[in-house]
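> sharing a model prediction with you, sequence too.
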Amino acid sequence: MAFATTESRPLLIIRADANAEIGWGHAVRMAALAQAWNAGGGSVAWCTSGVPERIANWCGGDVTWLEPDGIHREASRAAWIALDGYRFDDDYQRALAVHGTLLLVMDDAGHARHSCADLIVRQAHSNIDDLLQTAPNAEILAGLRYALIRREVTEHAKWSLDQAAHQRVVVTCGGSDTANATCRVVRSLTERPVANLRRLEIVVGSDFAHRPMLDQLLTPWNGGWTIHENSDCLPAILSNASLVITAGGCTMLECLCLGCPTVALATANNQVPGCRELAAQQAVVYLGLQAELTSARTCALIESLLKAPQRLAKLSLAGQNMVDGLGSRRIVKRLRIGKVHLRPAGPNDCFSLFQLRNDPLVVAASLTSSPVSWDEHCHWFQSANFQSSRRLQVITNERGEFLGQVRLDWEDSHRQATISISLVAAARGIGLGSRVVRLALANAVSEPRLERVVAWIKPDNAASLSAFRHAGFVQYDDIGDGPLRLHWDRPQYSLLPMSR
């Protein structure tokens with residue numbers, strides 16, 4: 001599928017900074033996005049205050065570096081602009097929106113209303129209630145399926161159970177760690193004996209301002225220790241540990257992708273939801289906010305984990321299941337499609353709809369679970385266009401490419417309709433389904449009598465269930481052996497996207 005641009009190598013503009021005050025997390029995940037965009041045949045322009053050498057190394061050679069003001073000069077020729085940083089508020093987003101370029105915004109905890117955003121990515125956790133209220137026009141990709149992980153991590157060897165015997169603990173709380181969680185953790189581990197802890201590996205960035213305190217804490221400790229400053233070998237350091245203690249940001253997600261057994265602490269309030277969600281899935285052990293750590297609890301926990309290699313193995317497997325390292329590819333795949341629209345199906349769509357209807361995955365997901373012949377399809381398609389109780393729409397992007405279909409079948413009273421959707425292979429697995437459902441509902445409410453929309457979905461169709469639930473559908477309590485019945489009621493119209 002082609003990119004939304006007239007250039008041979010479509011342009012992605014990234015606006016993200018990294019320094020001692022902001023930290024490195026925004027730049028780390030945008031570097032992962034840049035790598036995936038380049039791998040898909042695009043080019044990247046990075047707007048930043050200065051050009052940190054490490055960002056340049058992560059992104060590779062095919063990156064143009066711009067001063068912050070350059071984003072407005074280059075915006076009109078970009079396919080997308082990606083913003084990552086809490087300083088890029090609604091005013092900043094509105095100023096970019098006037099150029100007409102599609103806008104992607106990373107959001108961890110609702111730092112803006114995002115009224116001009118086309119796509120919002122919230123990778124740390126899946127709660128999007130606030131975004132549904134403030135950004136009804138935006139498409140939202142939420143959860144760890146969209147975790148942006150650098151190629152250096154995804155291509156590195158995974159953690160193995162052999163590492164548990166080394167009894168080596170890595171502590172890393174961010175490149176700058178302005179809250180000095182690193183020293184708080186190290187103090188907890190060194191001021192009292194921890195059985196089976198033989199070695200500490202501490203990773204800090206060049207912006208870490210508390211190195212003298214860290215040295216002072218480690219010097220009298222009887223165990224072995226190493227401080228890695230600004231290391232380019234972080235994946236190797238992490239995967240060679242028995243377990244890792246880390247802040248709940250990008251490094252935590254990289255640990256999970258590597259399969260490293262992980263103990264997480266929150267160094268900022270916006271990390272709490274993600275840490276708690278992962279702890280509920282038993283993918284991390286959550287220590288709580290770093291300001292609330294106690295030596296007794298920290299030491300007891302680490303000691304218990306080092307004595308339980310099978311628990312470490314379970315953490316490793318659960319972490320890899322939660323962060324598979326494909327988030328960057330999924331997002332780039334979604335960016336390549338561009339903005340989606342619905343339009344009434346016409347005669348020229350008949351064959352595309354026939355191919356889609358007989359796609360093996362679509363057949364498996366359908367309630368009939370059987371393919372149809374060309375004659376059957378033509379008869380159905382002709383009758384569908386003449387039935388006032390049926391609204392058949394196709395999903396396209398701005399280049400007119402066929403992406404799927406949405407069908408609404410109305411009851412005679414027009415108080416209730418049944419909805420079904422299906423997507424072509426290139427549009428699956430990237431969170432597009434919920435956006436399409438919401439667009440279809442926004443069109444459906446033009447019928448003033450409509451009170452409820454119903455969807456029937458097979459219990460094993462996890463993708464469709466997720467799409468409809470994210471679009472505001474809820475499930476009936478009376479679950480039988482057949483397909484599940486989900487419904488959406490008209491009062492939820494406030495959560496739907498409006499026209500722009």
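Happy to help now that I have it. Residues are numbered from 1 along each chain as shown.

> state the pLDDT value of the residue nearest to the spatial centre of the chain.
For the chain, Y146 is the residue whose C-alpha lies nearest the centre (Cα atoms, centre = their mean; 2.4 Å). pLDDT recorded at Y146 is 96.

> got it, and F3?
38.

> how about R77?
On pLDDT, R77 comes in at 93.

> for it, which non-adjacent residue is spatially closest?
The spatially closest residue to R77, leaving aside those adjacent along the chain, is L11, at 6.1 Å (Cβ to Cβ, 6 or more residues apart in numbering). Any C-beta I mention is one placed from the backbone N, CA and C, and that applies to glycine too.

> and the lowest-mean-pLDDT helix or strand in the chain, what does it pack onto?
Counting by mean pLDDT, DSSP states H and E, the chain has its least confident helix or strand at helix 53-59, which shows a mean of 77. Contacts defined by 3 or more Cβ pairs under 8 Å, 6 or more residues apart in numbering; DSSP states H and E place helix 53-59 against helix 25-39, strand 43-47.

> buried residues of the longest one, list them for me.
The neighbour-count check on helix 25-39 (16 or more other Cβ atoms under 10 Å) flags 25-38 as buried.

> break this protein down into its domains, please.
Split into domains by automatic domain parsing, the chain comes to 11-148, 154-322, 339-495.

> and of these, who's closest to R329?
When the domains of the chain are compared by Cβ to Cβ, domain 11-148 sits nearest R329, at 5.5 Å.

> quick check: end-to-end length of the closest one?
In domain 11-148, first residue to last residue: 19 Å (Cα to Cα, to the nearest Å).

> before we move on, back to that, need the residues that contact the least confident helix or strand of the chain.
18, 24, 27-28, 31-32, 34-35, 38, 44, 46, 48, 63, 65, 150, 152, 230, 232 (Cβ atoms under 8 Å, 6 or more residues apart in numbering).

> ok, now with 10 Å
Defining contact as Cβ atoms under 10 Å, 6 or more residues apart in numbering, one finds that helix 53-59 is touched by 14, 16-18, 24, 27-28, 30-35, 37-38, 44, 46, 48, 52, 63, 65, 150-152, 175, 205-206, 230, 232.

> before we move on, back to that, make a markdown table out of the helices and strands packed on helix 53-59 and add mean pLDDT and distance to Q216.
Formatted as a markdown table, the helices and strands packed on helix 53-59 follow (pLDDT from 0 to 100; distance: least, Cβ to Cβ, whole Å):
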| stretch | mean pLDDT | distance to Q216 |
| --- | --- | --- |
| helix 25-39 | 93 | 27 |
| strand 43-47 | 92 | 38 |
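
> residue boundaries of the helices in the stretch 101-250 of the chain?
Secondary structure of the stretch 101-250 of the chain (DSSP state H, counting those that start in this stretch): helices at 129-134, 151-154, 181-190, 211-218, 234-239, 250-258.

> worst mean pLDDT among the ones you listed?
With a mean of 86, helix 129-134 has the lowest mean pLDDT of the helices of the stretch 101-250 of the chain.

> ok, and for that helix, which residues are buried?
Using 16+ other Cβ under 10 Å as the test for burial, helix 129-134 gives 131-132, 134.

> how far does it sit from the chain's center?
Relative to the mean C-alpha coordinate of its chain, helix 129-134 is positioned 16 Å out (Cα atoms, centre = their mean, to the nearest Å).

> packing partners for it?
Helix 129-134 sits against strand 119-122, strand 139-142, with contacts defined as 3 or more Cβ pairs under 10 Å, 6 or more residues apart in numbering; DSSP states H and E.

> average pLDDT across the last one?
Along strand 139-142, the predicted local confidence has a mean pLDDT of 93.

> direction included, what does it pair up with?
Using DSSP bridges, strand 139-142 pairs in its sheet with strand 119-122 (parallel).

> and the strand it pairs with, how far out from the chain middle?
Centroid separation for strand 119-122 versus its chain: 7 Å, with Cα atoms, centre = their mean.

> need the residues that contact that strand.
Contacts for strand 119-122 (Cβ under 10 Å, 6+ apart): 29, 33, 80, 82, 84, 102-110, 112, 114, 128, 130-131, 134-135, 138-143, 146-148, 273-274, 327, 330-331, 334-335, 339, 431, 435.

> buried subset of those residues as a PyMOL selection?
Per 16+ other Cβ under 10 Å, the buried members of the contacts of strand 119-122 correspond to this PyMOL selection:
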select buried, resi 29+33+80+82+84+102+103+104+105+106+107+108+109+110+112+114+128+131+134+135+138+139+140+141+142+143+146+147+148+273+274+327+330+331+334+335+431+435
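
> show me the contacts of strand 119-122 that map onto strands.
Counted as lying in strands by DSSP state E, out of those, are 80, 82, 102-106, 139-142.

> show me the shaky parts of the chain.
Along the chain, segments meeting pLDDT under 70 span 1-7, 50-51, 61, 477-480, 491-500.

> rerun that using 80 as the cut-off
Along the chain, the model assigns pLDDT under 80 to residues 1-8, 20, 49-62, 136-137, 384-388, 477-481, 491-500.

> rewinding a little: possible to save the helices and strands packed on helix 129-134 as CSV with distance to P371?
As requested, these are exported to CSV (distance: least, Cβ to Cβ, whole Å):
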stretch, distance to P371
strand 119-122, 34
strand 139-142, 31
